[in-house]
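Colleague: Give me a model of this one.
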Amino acid sequence: MIDLCPATEDEMVLAFLKAELNSPRFSSEYQIDRRTLVDSADLGSPSQNAARLNELRRVKGALFPPNVAWRRVALENGDLLRLKYANLDNWRRLSRHTRLVSDGAKNVHSMPDNPKLHILAVAKEFQRGATYPELIAVAGEEEGAGIILIEGHVRATAYAVAGWPGRTDCILGTSSSAEQWDHGYGCTH
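Modeller: Alright, predicted model coming up:
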């Protein structure tokens with residue numbers, strides 16, 4: 001893993017919203033002034049940051065473990081082998097319950113057309129040179145901890161189907177409580 005620079009929770013929330021609002025599967029769930037709060041976002045505005053976070057919480061619920069330190073990183077091939085899906089039924093089934101993205105990519109042809117067709121379309125565009133938003137994930141603080149996706153399941157699976165890039169950009173949150181947080185869209189206690 002290559003550490004690129006620190007990130008803030010506000011930057012992560014904005015990146016999350018950008019990815020979700022560009023997704024045909026999720027964009028209709030949001031009721032946000034995209035033009036002001038996303039496309040022309042002011043990360044220096046406490047009121048805008050609060051509005052974005054409130055909207056993300058409204059749609060997804062609690063998202064991250066407490067005391068998260070956010071960083072921008074580049075995941076390398078070895079890191080990608082530790083990349084796991086959030087603990088969500090459809091992604092567990094796709095990976096045959098390992099939750100590893102690499103296992104999910106092996107089984108993508110056995111999944112229903114939605115999201116299979118979307119995954120395959122993203123993989124094809126990626127092979128043609130398309131670029132996509134960074135993934136968002138959390139990990140424990142210990143060396144070699146699993147990396148759990150929060151946002152970017154389809155993209156990560158498509159990257160694995162297409163053959164991982166040399167590096168994959170990610171906003172990564174680390175927390176001592178990441179191992180207890182294992183759902184993806186809410187804390188488990």
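Colleague: State the pLDDT value of the residue nearest the centre of the chain.
Modeller: By CA atoms, centre = their mean, the chain has its centre lying nearest to E151, at 2.1 Å. At E151, the model reports a pLDDT of 91.
Colleague: Spatially nearest residue to it (excluding sequence neighbours)?
Modeller: What sits nearest to E151 in space, not counting adjacent residues and going by CB to CB, 6 or more residues apart in numbering, is I136, at 4.1 Å. C-beta coordinates here come from the backbone N, C-alpha and C atoms, glycine included.
Colleague: Tell me how far the residue nearest to the centre of the chain lies from S110.
Modeller: In this structure, E151 and S110 are 24 Å apart, going by CB to CB, to the nearest Å.
Colleague: Please name the residues that touch the residue nearest to E151.
Modeller: When the contact criterion is CB atoms under 8 Å, 6 or more residues apart in numbering, the partners of I136 are 12, 15-16, 19, 149-152, 170-173.
Colleague: same thing but at 7 Å, please
Modeller: By CB atoms under 7 Å, 6 or more residues apart in numbering, I136 lies in contact with 12, 15-16, 150-152, 170-171.
Colleague: Ends of stretch 71-91, what's the gap?
Modeller: Terminal residues of stretch 71-91 are spaced 25 Å apart (CA to CA, to the nearest Å).
Colleague: what's it in contact with?
Modeller: Contacts to stretch 71-91, defined as CB under 7 Å, 6+ apart, come from residues 1-7, 92, 95, 99-102, 104, 146-150, 153, 156, 164, 167-172, 182-185.
Colleague: buried set for it?
Modeller: Residues 71-75, 79-80, 82-87, 91 are the ones in stretch 71-91 that count as buried (16 or more other CB atoms under 10 Å).
Colleague: now it: how far from the chain's centre is it?
Modeller: Taking CA atoms, centre = their mean, to the nearest Å, one finds stretch 71-91 lying 8 Å from the centre of the chain it belongs to.
Colleague: in this protein, which ranges drop under the pLDDT threshold?
Modeller: For the chain, applying pLDDT under 70 flags the ranges 62-63, 65-66, 141-145, 177-189.
Colleague: Would you map the helices across it?
Modeller: Counting by DSSP state H, the chain has these helices, from start to end: 9-21, 34, 46-60, 77-80, 89-94, 101-106, 113-127, 153-162.
Colleague: any idea of the angle the first one forms with helix 46-60?
Modeller: Read it as helix 9-21. 50 degrees (axes from the mean of the first three to the mean of the last three CA atoms, to 10 degrees).
Colleague: hmm, who's touching helix 9-21?
Modeller: Contact with helix 9-21 is made by 26-27, 30, 34, 38, 41, 43, 49, 52-53, 56, 70, 133-134, 136, 151-152, 171, as judged by CB under 7 Å, 6+ apart.
Colleague: end-to-end on stretch 53-69?
Modeller: For stretch 53-69, the first and last residues are 16 Å from each other (CA to CA).
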